[in-house]
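[1] Fold the stuff below for me.
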Amino acid sequence: MVFAEIAETRKPDKDMCAPGGALPAESPSSIKRIGPTPNRVCVLILGMHRSGTSALARVISLFGAELPAHVLGPGLGNETGHWEPERLVALHDEMLAYLGSSWDDWRALDLADTAFMPGGRYWSEVSSIIKDEYGDAPLIVVKEPRICRFTPFYANLMRANGYEVKFVHTFRNPLAVAASLQQRNGFPPWFSHLIWLRHALDAEAATRGACRIFSSYEELIEEPRLTAERIAASLAIDAGNNASVEADIDCFVDEAHRHHQSDLDALLTDPGVSSWLKGAYRSLVALQRNPNDPSALTKLDGIREAFNTAAIHVGAPLLAEKERRVGELAAALADRDERMAGLEPALADRDERVAGLEDALTDRDRGLAASKKAIARRDALIARLEKALAERNKFASGLAQQLAAVRANPIRAQYDLFVYRIFMVLLRFRFWMTPRFAEKCTNSANKRNPLRSIGG
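    Numbers count the residues shown, from 1 in each chain. Predicted structure coming up:
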């Protein structure tokens, strides 16, 4: 199917996504028009944790949408970066805590507090962060999974700050999300399923009647170009140089970044998955084709009503049990820290004794090294003495043989002695008759007889 056909079958109402598109008078999202007619566009990405919100934010930025000036960098399980304002993460946790909740709480929030109204504390803080991070950019992209819990608040705030808000919902198979959270946070699958439901149901209900589009993480990974073009066309975003953008998308989106994977059949046939989760996921798939599918919206309304009722009756006891266990763990950690503090003096004494032993070992090693050198010198001396002794023994053996020969034949020995003496006489005579000695003799004779030298 070509891109034009997909865009035609999967795009929201043109009037809703056109600049200045109107919201219905009574929207279940509680989104109201606040402030002047917008002249800037905010693409607000909504999606559960571990559902591809970071990848989608980066892809939309490649179409020209401004990213925040200070983004949260890469982390475990998100090597390509989070692409969200770092300051908003901490502020959202503070906002949830203010409401007695947390990011992994699956109970509904009540945003009627004045802190979330125009001029309220969090209204002012979020407005300031948006201004600092995005400046006057005409097209921005904002994502942070916790925004799913504050969607009406954000929609009203961005409108009041001069933005037309266009929503992009991204969702992922709950089994894959649960596997990812189990690896990262140690959550059991059933707990992650409840968090998935809360994020998906709240974000969907809050954007009805607004300019919105639904996209799955699986679709983005498997067809990145087609998905990006469909989103851009549906939200009336100018894609600019398509060839350049497509090349950038191909470089960024990588199948290798998907560490957990599951399909629809596995979800629907898993006996451990609730009918709420299966129905909600199938409804989101239907909204991917038509963001205002009546049967899907009706199904989601029923699931949300039942889920909210269950959260009231079951959520509080579960949260109390969770807090009790957290308290027990905190007490156990405090006890451990106290015992560790008591062990610190003993550890310090042990370290001191170990240091003393290390010094003693060092001295011993030095002594051993000196002993080895002395032993080497002694071995060399012994080798020299043994060699000298061998030579002496050999010489003594020769003398003994000569002595034995003399004793056996004394006449022969006397004869050899006589010959030796004659040899020594001749040797001396030869020394005397050297040329130099002969010259001396000649000079002496000439002195005694001068005529002899004249006669030649």
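[2] which one is residue 177 nearest to, not counting chain neighbours?
    Closest residue to residue 177 apart from its sequence neighbours, by C-beta to C-beta, 6 or more residues apart in numbering: residue 50 at 4.9 Å. Where C-beta positions appear, they are placed from N, C-alpha and C, glycine not excepted.
[3] err, residue 316, not the other one
    Computed as C-beta to C-beta, 6+ apart, the closest residue to residue 316 that is not its neighbour in sequence is residue 107, at 7.6 Å.
[4] Contacts only, for the one you found.
    Contacts for residue 107 (C-beta atoms under 8 Å, 6 or more residues apart in numbering) come out as 101, 198, 311, 312, 315, 316, 319.
[5] In this structure, where's the longest strand?
    strand 163-171 (DSSP state E).
[6] Can you tell me the strand partners of that strand and which way each runs?
    Strand partners for strand 163-171, identified by DSSP bridges, are recorded as strand 40-46 (parallel), strand 212-216 (parallel).
[7] Now do the next helix or strand after that strand, average pLDDT.
    For strand 163-171, the succeeding helix or strand toward the C-terminus, using DSSP states H and E, is helix 174-185. For helix 174-185, mean pLDDT rounds to 90.
[8] Can you mark which positions in helix 174-185 are buried?
    Residues 174, 175, 176, 177, 178, 179, 180, 181 are the ones in helix 174-185 that count as buried (16 or more other C-beta atoms under 10 Å).
[9] want to try JSON lines for those, with distance to residue 57 as columns?
    JSON lines is the format used below for the buried residues of helix 174-185 (distance: C-beta to C-beta, whole Å):
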{"residue": "174", "distance to residue 57": "21"}
{"residue": "175", "distance to residue 57": "24"}
{"residue": "176", "distance to residue 57": "19"}
{"residue": "177", "distance to residue 57": "17"}
{"residue": "178", "distance to residue 57": "23"}
{"residue": "179", "distance to residue 57": "22"}
{"residue": "180", "distance to residue 57": "18"}
{"residue": "181", "distance to residue 57": "20"}
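[10] for the residues you listed, which one is nearest residue 42?
    Distance to residue 42, by C-beta to C-beta, is smallest for residue 177 among the buried residues of helix 174-185, at 25.5 Å.
[11] Isn't the closest one up against residue 199?
    No. Here residue 177 does not reach residue 199: they are 9.6 Å apart, not a contact under C-beta atoms under 8 Å.
[12] Need the overlap of contacts for the two.
    With C-beta under 8 Å, 6+ apart, residue 177 and residue 199 have common neighbours 48, 49.
[13] Please identify the buried residues of stretch 182-201?
    187, 189, 191-201.
[14] I misspoke; the intended subject was stretch 157-172.
    Those would be 157-161, 163-172, for stretch 157-172 by 16+ other C-beta under 10 Å.
[15] What is the end-to-end distance of that stretch?
    Criterion C-alpha to C-alpha, to the nearest Å; first-to-last residue distance in stretch 157-172 is 27 Å.
[16] quick one, strands of the stretch 1-150 of the chain?
    40-46, 139-143 (DSSP state E, counting those that start in this stretch).
[17] Pipe those strands into a markdown table and attach distance to residue 238 and mean pLDDT per row.
    Output for the strands of the stretch 1-150 of the chain, formatted as a markdown table (distance: least, C-beta to C-beta, whole Å; pLDDT from 0 to 100):
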| stretch | distance to residue 238 | mean pLDDT |
| --- | --- | --- |
| strand 40-46 | 10 | 96 |
| strand 139-143 | 9 | 95 |
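[18] In TSV, list those along with distance to residue 96 and mean neighbour count.
    TSV is the format used below for the strands of the stretch 1-150 of the chain (distance: least, C-beta to C-beta, whole Å; neighbours: other C-beta atoms under 10 Å):
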stretch	distance to residue 96	mean neighbour count
strand 40-46	16	24
strand 139-143	17	25
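[19] Include distance to residue 118 when you put the ones you listed into TSV, please.
    Output for these, formatted as TSV (distance: least, C-beta to C-beta, whole Å):
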stretch	distance to residue 118
strand 40-46	17
strand 139-143	19
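[20] Tell me the pLDDT of residue 421.
    80.
[21] Tell me both backbone torsions, phi and psi, for it.
    phi -70, psi -40 (degrees, to the nearest 10).
[22] Residue 106 reaches residue 200, doesn't it?
    No. Look at residue 106 against residue 200 with C-beta under 8 Å: they stay out of range, at 11.0 Å.
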